[in-house]
Structure formats: structure tokens, C-alpha cells
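Asks: coords please:
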Amino acid sequence: MALSLLAGLGNSGVEAQSSRAGEGAPPAPPLVFAFELRATVADPVVLGQVPHGLRRIVAITGGTVRGPLLNGVVVPNSGADWQMIQPDGFSELDTRYTLRTDKGQLVYVQNAPPQKRR
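Replies: All right, here's what the predicted structure looks like:
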């Protein structure tokens, strides 16, 4: 099984602007293609039903990272995707894994669901 991710970075020359009373939100910064990540994954391990949905874990078994700003591999068996599949099919993902760049640098990656505001 495989997944694919395209990543873009905001233009580093664009600075955040504070909004002033009566003005609209500042325009979104332009995105620049950074890399494409292709990961291989294991079959899901279903832990079972919990109050908010179906809990399962999908191991990330490897993959590649290719693009103008980053190249390397997904370190085999360095992470997983902890998933909560809600009854309506919406999936909350908490994904953590490690990349090794072509220069030998290790990069920890975490894609977590947004924190709930109190």
C-alpha cells in the first residue's frame, strides 16, 4: 500500500502583516513546490471501537522524498499513522515518521490533528 504527499512552502520573502481595523485579511503567500513524498505503509491494525470512532494504527514501512528543496528516503519502520475514523468517515490522523536526506541528515516529521481550543 502507498500514499503520496505534495508539499509547498510559503515564499520566504513574504512577511506576515498585522490586520488593521477596517482592512481585510492579508493575501495568502504564494506557494513554491518543495517536494513529493511517497510512503509505503502496512495494513492497518484495528484496535477497535472507542467513544469517538474506530481506532487503528498504520505502520509506515518506507518511502521516498523527491523535489527541488528536499531529497531522501523515509526511514523504514520509523513511524506510524495513529488514526481515529469517526462514524461519518472523517479521519483524524496523527502521523509521525523520520526522513533521511541525501546528505545523511535525519528529519523528524509529525502531522498532528489541530488542537481543540478551550
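Asks: which SSE is immediately downstream of the strand ranked longest in the chain?
Replies: Longest strand in the chain, counting residues (DSSP state E): strand 53-66. Going down the chain from strand 53-66, the next helix or strand is strand 72-74, by DSSP states H and E.
Asks: average pLDDT for that next one?
Replies: Strand 72-74 comes out with an average pLDDT of 98.
Asks: check which helices and strands that strand sits against.
Replies: Contact partners of strand 72-74 among helices and strands, from 3 or more CB pairs under 8 Å, 6 or more residues apart in numbering; DSSP states H and E: strand 31-41, strand 53-66, strand 91-101. C-beta here means a position set from N, CA and C on the backbone, and glycine is covered the same way.
Asks: what helices or strands is the longest strand of the chain leaning on?
Replies: Checking 3+ CB pairs under 8 Å, 6+ apart, strand 53-66 ends up next to strand 31-41, strand 45-50, strand 72-74, strand 79-85, strand 91-101.
Asks: switch those over to a markdown table; also include mean neighbour count and distance to Ile60.
Replies: Listed next are these as a markdown table, based on neighbours: other CB atoms under 10 Å; distance: least, CB to CB, whole Å:
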| stretch | mean neighbour count | distance to Ile60 |
| --- | --- | --- |
| strand 31-41 | 16 | 5 |
| strand 45-50 | 10 | 13 |
| strand 72-74 | 20 | 6 |
| strand 79-85 | 18 | 5 |
| strand 91-101 | 16 | 5 |
